[in-house]
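# coordinates only, sequence not included:
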């Protein structure tokens with residue numbers, strides 16, 4: 001990370017401890033920074049040489065508050081937030097419901113002065129983006145904030161983008177985009193690997209991306225993150241819609257889907273029963289474009305992704321293990337994926353890379369195919385990065401280098417020219433293919449396949465740490481409990 005970037009992150013985050021002492025969470029602080037940096041950048045754009053009409057009404061600009069102190073500053077900031085939340089258009093999307101949560105006037109003044117000293121527009125989008133991404137990561141690292149569920153490890157995102165290799169003038173969707181990590185990585189990949197003309201640059205900025213985010217605070221964070229990276233016109237159409245992507249077919253069709261749907265198997269709604277008690281009810285999406293109905297939101301997202309892909313579209317999707325082996329609706333989804341798409345690659349992810357402990361996940365790569373009576377998947381290539389591999393978030397985090405061998409094996413330049421590293425002479429080779437007949441002969445057409453001997457089972461001195469073992473036990477018990485609940489629900493409806 002460049003010195004300029006790390007210095008600003010340190011300054012920004014150095015104010016967080018006193019804010020936490022006042023009861024402000026990391027997420028709240030990040031939200032306030034979003035509002036303040038947006039106001040500062042808008043002000044910079046309104047001045048020469050840009051002279052943009054930024055849409056900020058008189059009395060609500062950065063210059064109207066940056067010289068104030070104490071109660072005057074608090075009152076003006078509160079007034080600005082309320083006014084911008086009533087302007088309509090994009091401004092309302094960012095500022096609706098916004099309130100000042102920095103109750104310490106002295107700290108608010110320090111935050112405003114710190115932002116005022118930086119010229120945000122003159123920074124490259126990379127520097128601004130790294131600053132914001134750095135803050136997002138720090139927010140995700142705070143277990144109490146719960147923000148980790150919206151944060152996919154950046155090395156994994158970059159590896160998925162490199163494998164899919166998006167091209168200019170094509171569209172990309174993330175139906176649960178969180179803070180926009182996949183969009184940023186895809187934008188960087190295209191900008192760095194192609195020489196773009198004016199039309200292609202305009203398309204990349206304003207027409208490439210389509211996204212959904214259901215959580216209000218994360219939605220606002222994503223808008224600001226994209227703005228900092230020069231994606232979308234913040235005063236016109238924005239590429240992200242706030243709401244549940246699974247509710248309906250959005251109508252658009254895209255060339256690529258890159259996504260990590262939220263963890264947790266069930267979608268549910270909370271209601272009050274006749275006795276006045278709150279109960280949760282499984283939410284089932286009855287969509288005609290889905291192959292099957294299920295309350296398992298992971299399976300629903302896979303079906304939704306299939307819907308929004310063009311007939312020649314490509315997808316890379318993070319899914320938990322249950323999507324690969326679960327029966328019932330899970331088997332139906334896998335069967336239809338194998339039949340109608342080329343589900344050509346599975347990356348078995350190691351544990352310890354997500355902020356939720358014990359998560360066992362994979363990336364499935366599939367290419368949609370035009371309708372045909374023939375099974376479209378001919379063989380499935382599997383890379384096992386999980387067995388005998390252990391990462392932790394702080395002491396041993398996964399890096400880009402850890403995924404280089406997978407990318408090499410995937411061979412993005414021509415995935416039809418691949419070579420297994422597994423063989424009878426090398427049973428620990430991590431890259432192996434299975435033909436479609438082998439897959440179909442497996443119980444429930446399970447894609448949860450592994451072959452490398454787990455050394456920890458044979459070597460007691462090489463056992464994972466106690467917290468890893470505990471996390472695995474919790475995850476397995478939770479998965480079993482979810483399965484029993486689903487079975488119980490099925491029995492009740494029969």
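All right, it came through fine. This is a predicted model, so every value here is computed, not measured.

# Could I get the buried residue list for stretch 203-210?
Burial within stretch 203-210, assessed by neighbour count using 16 or more other CB atoms under 10 Å, is assigned to 203, 204, 205, 208, 209, 210. Where you see a C-beta, it was placed from the backbone N, CA and C, and this is true even at glycine.

# which residues are contacting that stretch?
168-174, 183, 186-187, 190-191, 196, 226, 230-233, 236-237, 239-240, 250, 252, 254, 308 (CB atoms under 8 Å, 6 or more residues apart in numbering).

# One more pass at 7 Å, please.
The contact list for stretch 203-210, computed with CB atoms under 7 Å, 6 or more residues apart in numbering, reads 168-169, 171-173, 183, 187, 190, 196, 230-233, 239, 252, 254.

# distance between the ends of that stretch?
According to CA to CA, to the nearest Å, stretch 203-210 extends 12 Å from its N-terminal end residue to its C-terminal end residue.

# That stretch - what's its average pLDDT?
Stretch 203-210 carries an average pLDDT of 94.

# what does stretch 453-468 give?
Computed over stretch 453-468, the mean pLDDT rounds to 67.

# Does anything pack onto the lengthiest strand in the chain? Which helices or strands?
With secondary structure taken from DSSP state E, the chain has its longest strand at strand 309-320. With contacts defined as 3 or more CB pairs under 7 Å, 6 or more residues apart in numbering; DSSP states H and E, the secondary structure elements packing on strand 309-320 are helix 154-164, strand 254-259, helix 297-308, strand 361-368.

# how about JSON lines for these, with mean neighbour count and mean pLDDT added?
Shown next, in JSON lines, are these (neighbours: other CB atoms under 10 Å; pLDDT from 0 to 100):
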{"stretch": "helix 154-164", "mean neighbour count": "21", "mean pLDDT": "95"}
{"stretch": "strand 254-259", "mean neighbour count": "24", "mean pLDDT": "98"}
{"stretch": "helix 297-308", "mean neighbour count": "23", "mean pLDDT": "96"}
{"stretch": "strand 361-368", "mean neighbour count": "23", "mean pLDDT": "97"}
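
# what ranges do the helices span in the stretch 351-494 of the chain?
Counting by DSSP state H, counting those that start in this stretch, one finds helices in the stretch 351-494 of the chain at the ranges 404-410, 436-440, 455-458, 466-493.

# again, but for the stretch 201-350 of the chain
For the stretch 201-350 of the chain, applying DSSP H, counting those that start in this stretch gives helices covering 216-228, 297-308, 322-325, 329-340.

# could you dump those to a markdown table with distance to residue 12?
Listed next are the helices of the stretch 201-350 of the chain as a markdown table, based on distance: least, CB to CB, whole Å:
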| stretch | distance to residue 12 |
| --- | --- |
| helix 216-228 | 13 |
| helix 297-308 | 34 |
| helix 322-325 | 38 |
| helix 329-340 | 43 |
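
# Next, the distance between the ends of stretch 301-319.
9 Å.

# chain center to that stretch: distance?
15 Å (CA atoms, centre = their mean, to the nearest Å).

# which residues are contacting that stretch?
Contacts with stretch 301-319, where a contact means CB under 7 Å, 6+ apart, come from 152, 160, 163-164, 173, 175, 245-246, 249-250, 252-261, 289-291, 298, 323, 333, 341, 361-368, 370.

# how does this structure divide up, domain by domain?
3-126, 138-455 (automatic domain parsing).

# Worst mean pLDDT among those?
When mean pLDDT is averaged over each of the domains of the chain, domain 3-126 scores lowest at a mean of 83.

# State the number of residues packed around the closest residue to residue 217 other than its chain neighbours.
Nearest in space to residue 217, with sequence neighbours left out and distances taken as CB to CB, 6 or more residues apart in numbering, is residue 31 at 5.7 Å. The tally of other residues near residue 31 (other CB atoms under 10 Å) stands at 22.

# Please identify the helix or strand for residue 31.
Secondary-structure assignment from DSSP states H and E places residue 31 in helix 26-46.
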